[in-house]
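Student: Pasting a predicted model and its sequence here:
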Amino acid sequence: MSEITVGAEAPAFSAPAVTREGESTISLVDYLGKYVVVYFYPKDDTPGCTTQACGFRDHRPDYEAVGAVILGISPDDATSHAKFSEKFTLPFPLVSDPDHAIAEAYGVWKEKTNYGKTYMGIERTTFVIDKDGKIAKIYPRVKVDQHAEKVLEFLRSL
């Protein structure tokens with residue numbers, strides 16, 4: 001898999017997702033004509049992932065004002081996503097990617113090291129996809145503090 005670059009076609013996907021309305025299948029193609037913020041995160045209900053999700057939650061009206069939707073993607077299953085979404089009142093879909101096929105397509109399933117142990121996992125990364133389905137911006141190795149604001153600032157510049 002070659003690395004995704006700005007200007008490239010965003011890899012298409014269709015996968016189960018959880019929203020406050022329940023479970024459904026969503027496809028990236030459903031969002032053509034809108035800006036899409038796809039953020040990959042390692043695990044539901046962990047400190048960094050919660051900070052990131054709540055940042056997007058708190059700025060959702062601002063994202064809607066610029067015509068953008070937010071999709072969170074992690075390897076967690078629908079049950080985990082439902083609990084996480086309900087606990088933090090997350091108003092956007094959380095996509096389940098248990099076989100990490102979407103993460104691999106986006107190049108964010110990587111070898112990681114923690115306390116000397118090496119394993120495969122999600123490298124926290126955000127992609128902004130333009131209205132034509134092309135990658136407009138990539139935020140690799142995201143630091144969660146103020147991240148939602150940085151992405152919003154970029155969207156407002158478009």
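Tutor: Structure's in. What do you need?

Student: who's in contact with H81?
Tutor: When contacts are counted by C-beta atoms under 8 Å, 6 or more residues apart in numbering, H81 is found next to A17, V18, D44, S74, L94, S96. C-beta: built from backbone N, CA, C; applies to glycine.

Student: Would you double-check that it falls in a strand?
Tutor: No. Applying DSSP: H, G, I helix; E, B strand; the rest coil, one finds H81 to be helix, outside a strand.

Student: Quick one, grab the pLDDT at it.
Tutor: On pLDDT, H81 comes in at 96.

Student: and it, how far is that from D62?
Tutor: As judged by C-beta to C-beta, to the nearest Å, H81 and D62 stand 23 Å apart.

Student: Turn the contacts of H81 into TSV, including distance to L28 and secondary structure.
Tutor: Below are the contacts of H81 laid out as TSV (distance: C-beta to C-beta, whole Å; DSSP: H, G, I helix; E, B strand; the rest coil):
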residue	distance to L28	secondary structure
A17	11	strand
V18	17	strand
D44	21	coil
S74	16	strand
L94	15	strand
S96	15	strand
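
Student: Name the member of these with the most neighbours.
Tutor: Highest neighbour count within these, by other C-beta atoms under 10 Å: S74, with 28 neighbours.

Student: Report the contact partners of the residue lying closest to it once chain neighbours are set aside.
Tutor: Distance criterion C-beta to C-beta, 6 or more residues apart in numbering; nearest residue to S74, sequence neighbours excluded, is Y41 at 5.1 Å. The contact partners of Y41, by C-beta under 8 Å, 6+ apart, come to G48, C49, Q52, A53, G72, I73, S74, I122, R124.

Student: hmm, try it at 10 Å
Tutor: Going by C-beta atoms under 10 Å, 6 or more residues apart in numbering, Y41 touches 48-50, 52-53, 72-76, 94, 108, 122-126, 142, 144.
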